[in-house]
Each structure stands twice: as C-alpha cells, then as structure tokens.
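A.B. asks: below are the sequence and a predicted model for it; my questions follow.
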Amino acid sequence: MIRILVFGMSYNLGGVETFVYNYMSRLQLRDEFQIDFLSIHEKMAFEEELQALGCRVISVPDAKKNPMQAEKRMEDVMRQGRYDILHVNMLSAANITPLVAGKKAGIPHIIAHSHNSQVPPGLLRKLLHTVNQKKLPKLADTLFACSEAAGRWLFPYSRDFTLIRNAIDEQKFKYQPKIRAALRQRQGWEHALVFGHVGRFQYQKNHSFLLDVFQELHRRVPDSRLLLIGTGELLPEMKQKAETLGLKDSVIFAGFQENIPDWLQAMDVALLPSHFEGLPLSAVEAQAAGLPLITSDAVSPEACITPLMIRLPLSKPPRFWAEKILEHAGNIKREDTSGLIQKAGYSISRETGRLAEIYKKMMER
C-alpha cells in the first residue's frame, strides 16, 4: 500500500480544496492507497467526508505563527506515519515548511503542486516567495501544476513539471432544465437574466470590477440579477459597494453553498474577471453546466475547453465588458457539454486513474 500525506487544504471550500477532494476521495477508495492530511486549521474543508472514507486528518501548528514548532511537529508526524509520498498543494512559495519537514523526515518522494499564477497580496509573502522559489527543485523531486502558466510561474528554475488537470465529475454538472426551472421559480427569477460568480471574496477574484460590470449590464437589462456565491474578507466591502451603486436589490450575496451544480443550472451567464488564476476549477464547472463563460485575460487560455468561454482584457472598461458579455451570451444555446469535458481531459474518473499511475511510477524510482 502506498501511503500519501497531503498538505494544502484550508477551512474554506475553494477551488484547491475541491480539487484535492475530487482526486483524493477517489484514490482512498482504492486498495493500494492510504491518504492522510496535514491541517493547520481547527476544521478543514471536507474533513468529515474524508474521515468517513478512512483518511486521517492530523492537526499541526501554523508555520506563520510558530515556524520552528510547526516544522518540528510536521517532521514528527511524517516520521511516525512512514509516508511514501508527500503531496504539497501551493498557492505560492511563501510557505515551504511542509517541504522542508518532509525532506528532514526522509520521505522518499515529495511533490510541490502549483495552483496559482501570481503571488497573493502581501509584501512579506512576495519576498518569501521570491527567495523560496530557488529552493523548490531541491526540496521536491516531483513538480505538478494545474496549467502551463502555473508551472512556469512557480517553477522558473525547473521546467520539468507535470500537468494535473482540475478535473470534475462532469455528470454532476451537466445541464438539467428541470433543476434550473425549479430553483429559478423558488428564487423568483423566472423572467430574470441571472449573471453568476463562484469564488471567495478576496483580491484575486476582482469582485469590485465585477460589480462595475454588472452596473453596466443592469442599465441595459433592468430585470437582471448578479448571483455571488462565496464568503471571504472582502464580503462586507462588496455589500457596501453594491448598495452605493444602487444595486442592493439586484445583487444576491448567497454566501457559502454546497450544491454548486444546482446554482450553476439557475444561472444564465458565468463571470470570472480575476486579477490572476492558475486554472480555475469554477471555469471548468461553468462550462460543464453549459454556461456562457466570460473571464479576464488573466485566466489561462488552457481553461477554454469549450466554445462557451471567452477571455476579455481587464484593461477594457466595464462598458466594453457589458457589451461583449451580452453579445456572447446571446449566441449560446444551453446544452449538455459532458462529452466536450471528457474529450478535453477534465473528467475526474479518467484523471484519477492517471494520477494513480503517476504515484505508482514514482515508487519505482
């Protein structure tokens, strides 16, 4: 049995957390794998679901609060667990403590996995990222990335990385007219044009610009709504901005939602004007739901896995975005795209098998 320790899950149900759960929950069901998790949070996303499958979730200190204690505790856990593989999911190179601990613990195979294409805001984070990037090829013997852009960004000192796609269960997301009609009726959206966004309220997702774009859309289509799903530190600020723009009654702050596939059915258009991304899982999910999808040009072209998605420059004003959004949405007929998702290589059933084979080959080295 191959014993794998995974790091990088937060308490928020975001793209990385969903990615990890999609793969690891399926691998845990295979007899040849035992998947455990290191967590620096009191409660980790999908914790109960993973524990029910037989995964262990082991709490360790946050390196930001006590680096030496965190590294020592991680190293102890890794030695005691006799793990074959350490898989570290990363949004930047600012925190390499798990990689250092894995190296000291003598874990035979260490993976650094890039899920981003730019450092999140913070001067210290950016400084640590720049310094630590040079260390990654020495600490990790295997490099993964969700996209070419994410790999080139995090691993500038090594071009030898493997793409692991942000795959999904496409059957859960395929277009379902009955679910759409029922949810829209409950919400009173039978005749509304519903624009939607799924993502944490943080700088990366660019909600402020999204509200500016929706203001332009609302001027053109008064019976329209903006559905925002997610939580985060910028939520209060965005609620205030929606009110200031006179959009309070047309913007729905839905908070955390578990049944994302159903909410995607209820939307008419998905919007993702991010400042930066690796390869957003939400973009794959929106296309799997048959939604017209408009993203910023900061989103990797690799995310265009169907004709449903177009990319627009963030340098263009909200008025330009509104015109292009309505033009693109008007040319799309909603239909089942599961075949396109499978063909593009984003079906989780197939990609889980591919990752399993990669793990097994690592053990042969």
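C.D. replies: Structure's in. What do you need?
A.B. asks: just for the stretch 101-250 of the chain, where's the confidence low?
C.D. replies: Judged by pLDDT under 70, the stretch 101-250 of the chain has no weakly predicted residues.
A.B. asks: the strands in it, which residues?
C.D. replies: 109-114, 142-145, 162-163, 193-198, 224-229 (DSSP state E, counting those that start in this stretch).
A.B. asks: of those strands, which is nearest A344?
C.D. replies: Nearest to A344 among the strands of the stretch 101-250 of the chain is strand 162-163 (12.4 Å), distances taken as CB to CB. (Glycine included, C-beta is placed from N, CA and C.)
A.B. asks: tell me which of the strands of the stretch 101-250 of the chain is the most buried.
C.D. replies: Mean neighbour count (mean count of other CB atoms under 10 Å) peaks for strand 109-114 among the strands of the stretch 101-250 of the chain, with a mean of 25.
A.B. asks: other SSEs contacting it?
C.D. replies: The helices and strands touching strand 109-114, judged by 3 or more CB pairs under 8 Å, 6 or more residues apart in numbering; DSSP states H and E, are strand 85-90, helix 97-105, helix 136-139, strand 142-145, helix 148-154.
A.B. asks: now for the last one, which elements pack on it?
C.D. replies: The helices and strands touching helix 148-154, judged by 3+ CB pairs under 8 Å, 6+ apart, are strand 109-114, strand 142-145.
A.B. asks: closest to A329 out of those strands?
C.D. replies: Among the helices and strands packed on helix 148-154, if distance is taken as CB to CB, the winner is strand 142-145, at 31.3 Å.
A.B. asks: picking that back up, in JSON lines: the helices and strands packed on strand 109-114, plus distance to H115.
C.D. replies: Below are the helices and strands packed on strand 109-114 laid out as JSON lines (distance: least, CB to CB, whole Å):
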{"stretch": "strand 85-90", "distance to H115": "6"}
{"stretch": "helix 97-105", "distance to H115": "14"}
{"stretch": "helix 136-139", "distance to H115": "14"}
{"stretch": "strand 142-145", "distance to H115": "8"}
{"stretch": "helix 148-154", "distance to H115": "6"}
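A.B. asks: once you drop chain neighbours, what's closest to L5?
C.D. replies: Y83 (4.4 Å; CB to CB, 6 or more residues apart in numbering).
A.B. asks: what do you get for Q51?
C.D. replies: Distance criterion CB to CB, 6+ apart; nearest residue to Q51, sequence neighbours excluded, is V57 at 6.1 Å.
A.B. asks: can you tell me the element R3 falls in?
C.D. replies: Here R3 is covered by strand 2-7, with elements defined by DSSP states H and E.
A.B. asks: by contact count, what packs against that strand?
C.D. replies: By 3+ CB pairs under 8 Å, 6+ apart, strand 2-7 packs against helix 15-28, strand 33-39, helix 67-81, strand 85-90, helix 348-364.
A.B. asks: for Q176, which of the ones you listed is the nearest?
C.D. replies: Closest among the helices and strands packed on strand 2-7, once you apply CB to CB, is helix 348-364, at 18.6 Å.
A.B. asks: for that closest one, list every residue counted as buried.
C.D. replies: Judged by neighbour count using 16 or more other CB atoms under 10 Å, the buried positions of helix 348-364 are I348, E351, T352, L355, A356, Y359, M362.
A.B. asks: with respect to G188, which of the residues you listed is nearest?
C.D. replies: I348 (34.1 Å).
A.B. asks: quick one: contacts for L228?
C.D. replies: Contact analysis of L228 by CB atoms under 8 Å, 6 or more residues apart in numbering lists G196, H197, F201, H207, L210, M238, V251, I252, F253, A254.
A.B. asks: then R319?
C.D. replies: Residues in contact with R319, defined by CB under 8 Å, 6+ apart, are E216.
A.B. asks: surely it is within a helix?
C.D. replies: Yes - membership of R319 in a helix is supported by DSSP: H, G, I helix; E, B strand; the rest coil.
A.B. asks: that one and E216: what is the separation?
C.D. replies: To E216, R319 is 5 Å away according to CB to CB, to the nearest Å.
A.B. asks: next one: I164
C.D. replies: For I164, the distance to E216 - CB to CB - is 37 Å.
A.B. asks: and the residue nearest to L5, what element?
C.D. replies: Assigned by DSSP H and E, Y83 falls outside every helix and strand.
A.B. asks: in stretch 292-310, what counts as buried?
C.D. replies: For stretch 292-310, the neighbour count (16+ other CB under 10 Å) marks 292-296, 298-300, 302-306, 308-309 as buried.
A.B. asks: meant to ask about stretch 3-21
C.D. replies: Using 16+ other CB under 10 Å as the test for burial, stretch 3-21 gives 4-10, 12-21.
A.B. asks: repeat for stretch 94-108
C.D. replies: A94, N95, I96, T97, P98, L99, V100, A101, G102, K103, A105, I107.
A.B. asks: how long is it end to end?
C.D. replies: Stretch 94-108 has an end-to-end distance of 23 Å (criterion: CA to CA, to the nearest Å).
A.B. asks: list the contacts of I164.
C.D. replies: H113, F144, A145, C146, E351, L355, I358.
A.B. asks: equivalent analysis for M9, please.
C.D. replies: For M9, the contact set (CB under 8 Å, 6+ apart) comprises V16, E17, V20, F37, S39, M44, A45, F46, N89.
A.B. asks: re the thing from before, please state the offset of the strand holding R3 from the chain centre?
C.D. replies: For strand 2-7, the separation from the chain centroid amounts to 20 Å (computed by CA atoms, centre = their mean, to the nearest Å).
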